[in-house]
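Everything below, folded, please.
(2 chains)
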Amino acid sequence: DTGVSQDPRHKITKRGQNVTFRCDPISEHNRLYWYRQTLGQGPEFLTYFQNEAQLEKSRLLSDRFSAERPKGSFSTLEIQRTEQGDSAMYLCASSLILGTGQFFGPGTRLTVL
Amino acid sequence: ELKVEQNPLFLSMQEGKNYTIYCNYSTTSDRLYWYRQDPGKSLESLFVLLSNGAVKQEGRLMASLDTKARLSTLHITAAVHDLSATYFCAVDMVSNYQLIWGAGTKLIIKP
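You can find the predicted model right below:
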C-alpha cells in the first residue's frame, strides 16, 4: 500500500496524559500536513511541513501541540496534557507540489476521557 | 481572510435525480479541490481544478470552476445510493500552503 498511513487508528486516553501520533506520507511527497476534524465540521489546519522544515503552524494551536518531521519522511504529532476538547479525528495528508491536491491518511481518532 | 461557503449543507434526494452543490469562495484562488468523506472515514480526493473554466467528470459526478465568479459546482447526475456521503470543497491560499475548507454538504440519496 503506497498511500498515507497513520498510527494508531484509535487512541483513548485520560485527561492530562500525553499522546503521540505518527504519519507516514506517500514516499515521494515532500509536503506533509496535519489537520484536526470534529464531528460535522470540515478539517481544521494544524501545521505544515516541507521536507523537514515546519513552515506554518495554526495560530489556534496551543503550546501543548508539537509536531516534528525529523528526516523529511514520517511525522509525529504530540499532544501534551490532553484535555477533553482535544477529542477529535487527527488527519495527516501529503502532497507533491502545490496544486496537485493533498492525499489523506485514514486518521487517528482520539478520545480523551 | 479567505472564506469558503458551501450550499446546501444538507441534501436529501431520490435516486435517479440530478442536483448541484455550490462552493463559493471570497478571494482570489486558482485552485479548488473536491473531496468525499464517508461516515467515520478519512477524505478521498475527487477532483482537482486548477484553472478558470476547468471541468472534470468521473462517473456521475462533474465538477467545474469559474474563478471570475469565485464559484465551483459539483453536479450529480442520476444519483445512486452509493454516492451518499459528505462532500467538501477546499481552496488553496495563494499566500501560503493552507487549504481553506467549506463546511461540507451531507448528501443522502434514498433508494
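
Check the gap between the residue in chain A that chain B sits nearest to and A:F21 for me.
Nearest residue of chain A to chain B (Cβ to the nearest Cβ) works out as A:G42 at 3.5 Å. Quick note: C-beta positions are derived from backbone N, CA and C, even for glycine. A:G42 sits 20 Å away from A:F21, taking Cβ to Cβ, to the nearest Å as the criterion.

average pLDDT for the helix or strand containing A:R36?
Using DSSP states H and E, A:R36 maps to strand A:31-37. Here strand A:31-37 scores 94 as its mean pLDDT.

Show me what from chain B comes close to chain A.
B:31, B:33, B:35, B:41-45, B:48, B:50, B:88, B:90, B:92, B:96-99, B:101-104 (Cβ under 8 Å from any Cβ of the partner chain).

can you give me the strands for the chain?
Assuming you mean chain A. Using DSSP state E, the strands of chain A run over A:5-7, A:10-13, A:19-24, A:31-37, A:44-50, A:53-57, A:65-68, A:75-79, A:88-95, A:103-104, A:108-112.

oops, chain B please
B:4-7, B:10-14, B:19-25, B:32-37, B:43-49, B:55-58, B:61-66, B:71-76, B:85-92, B:99-101, B:105-110.

can those go into CSV with extra columns for mean pLDDT?
Listed next are the strands of chain B as CSV, based on pLDDT from 0 to 100:
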stretch, mean pLDDT
strand B:4-7, 95
strand B:10-14, 94
strand B:19-25, 96
strand B:32-37, 95
strand B:43-49, 93
strand B:55-58, 94
strand B:61-66, 96
strand B:71-76, 96
strand B:85-92, 94
strand B:99-101, 87
strand B:105-110, 96
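
Dump those strands into JSON lines; add distance to A:P70 and mean neighbour count as well.
Shown next, in JSON lines, are these (distance: least, Cβ to Cβ, whole Å; neighbours: other Cβ atoms under 10 Å in any protein chain shown):
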{"stretch": "strand B:4-7", "distance to A:P70": "33", "mean neighbour count": "18"}
{"stretch": "strand B:10-14", "distance to A:P70": "43", "mean neighbour count": "13"}
{"stretch": "strand B:19-25", "distance to A:P70": "35", "mean neighbour count": "19"}
{"stretch": "strand B:32-37", "distance to A:P70": "29", "mean neighbour count": "23"}
{"stretch": "strand B:43-49", "distance to A:P70": "26", "mean neighbour count": "20"}
{"stretch": "strand B:55-58", "distance to A:P70": "37", "mean neighbour count": "12"}
{"stretch": "strand B:61-66", "distance to A:P70": "38", "mean neighbour count": "20"}
{"stretch": "strand B:71-76", "distance to A:P70": "37", "mean neighbour count": "19"}
{"stretch": "strand B:85-92", "distance to A:P70": "27", "mean neighbour count": "24"}
{"stretch": "strand B:99-101", "distance to A:P70": "25", "mean neighbour count": "22"}
{"stretch": "strand B:105-110", "distance to A:P70": "39", "mean neighbour count": "17"}
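
Find the residue closest to A:F65 in space, skipping its chain neighbours.
A:I79 (5.7 Å; Cβ to Cβ, 6 or more residues apart in numbering or on different chains).

doesn't A:N18 make contact with that neighbour?
Yes - A:I79 is within contact range of A:N18, at 6.8 Å (criterion: Cβ atoms under 8 Å).

quick one, which of the two is more surrounded?
A:I79 (23 against 11; other Cβ atoms under 10 Å in any protein chain shown).

mind checking pLDDT for the more buried one?
97.

With the one 4 residues further on instead?
According to the prediction, A:E83 has pLDDT 96.
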